[in-house]
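> Next comes the sequence, and after it the predicted model I'd like to discuss.
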Amino acid sequence: MSRKRKAAPSVAGPVDYERACKELTKVLARLTKGGNGEPSKQVYFDEVWLADRWNVSEKLIQKMRYDATGPQVTRFGTAVRYRLRDIVAFEKSSREMPAISEEIIA
């Protein structure tokens, strides 16, 4: 006798991908923390995941790597990977400051 699988619950409404990425980053950070507060092991992601996280093309991620304008790259043989810690550090250092409107200044 085989059991029927339950259908995955559908998501109601639009998905906030930026919020989902932030939550994923928090969960991954908690999972990789050791008892002393340091990461117990490193978490690496590929270009496809990073492009999806930033909602850009893989070509842009590759160009950033070639131009050395993106997060630090780690290579395992020919495989290119990005460490979660480096991605988060790059995102924090690259945040644009919001434009100051004249109403706030006046």
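It's in.
> List the residues that contact Arg53.
Cys21, Phe45, Ile87 (Cβ atoms under 8 Å, 6 or more residues apart in numbering). (C-beta placed from N, C-alpha, C; glycine too.)
> From those, pick the one nearest Met64.
Closest approach between the contacts of Arg53 and Met64, by Cβ to Cβ: Ile87, at 11.7 Å.
> Can you verify my assumption that that closest one contacts Phe45?
Yes. The pair Ile87 / Phe45 is scored as a contact, 7.1 Å apart, by Cβ atoms under 8 Å.
> out of those two, which sits in the busier spot?
Applying other Cβ atoms under 10 Å to Ile87 and Phe45 shows that Ile87 carries more neighbours, namely 22 against 16.
> For burial, what's the neighbour tally of the closest residue to the more buried one other than its chain neighbours?
Of all residues beyond its chain neighbours, the one nearest Ile87 is Pro71 (5.1 Å), with distances taken as Cβ to Cβ, 6 or more residues apart in numbering. Counted with other Cβ under 10 Å, residues neighbouring Pro71 total 21.
> wait, is Pro71 part of a strand?
No. Checked against DSSP: H, G, I helix; E, B strand; the rest coil, Pro71 lies outside a strand; its state is coil.
> check contacts around it.
Here Pro71 is in contact with Leu50, Tyr82, Arg83, Asp86, Ile87, Ala89, Phe90 (criterion: Cβ under 8 Å, 6+ apart).
> Out of the residues you listed, list just those in strands.
Counting by DSSP state E, the part of the contacts of Pro71 found in strands is Tyr82, Arg83.
> Now for the nearest residue to Asp46 once chain neighbours are set aside: which residues touch it?
Distances taken as Cβ to Cβ, 6+ apart place Arg81 nearest to Asp46, at 6.0 Å, with adjacent residues excluded. By Cβ under 8 Å, 6+ apart, the contact set of Arg81 is Tyr44, Phe45, Asp46, Val73, Thr74, Arg75.
> For Thr74, give me phi and psi.
phi -120, psi 130 (degrees, to the nearest 10).
> I am finished for the moment; much appreciated.
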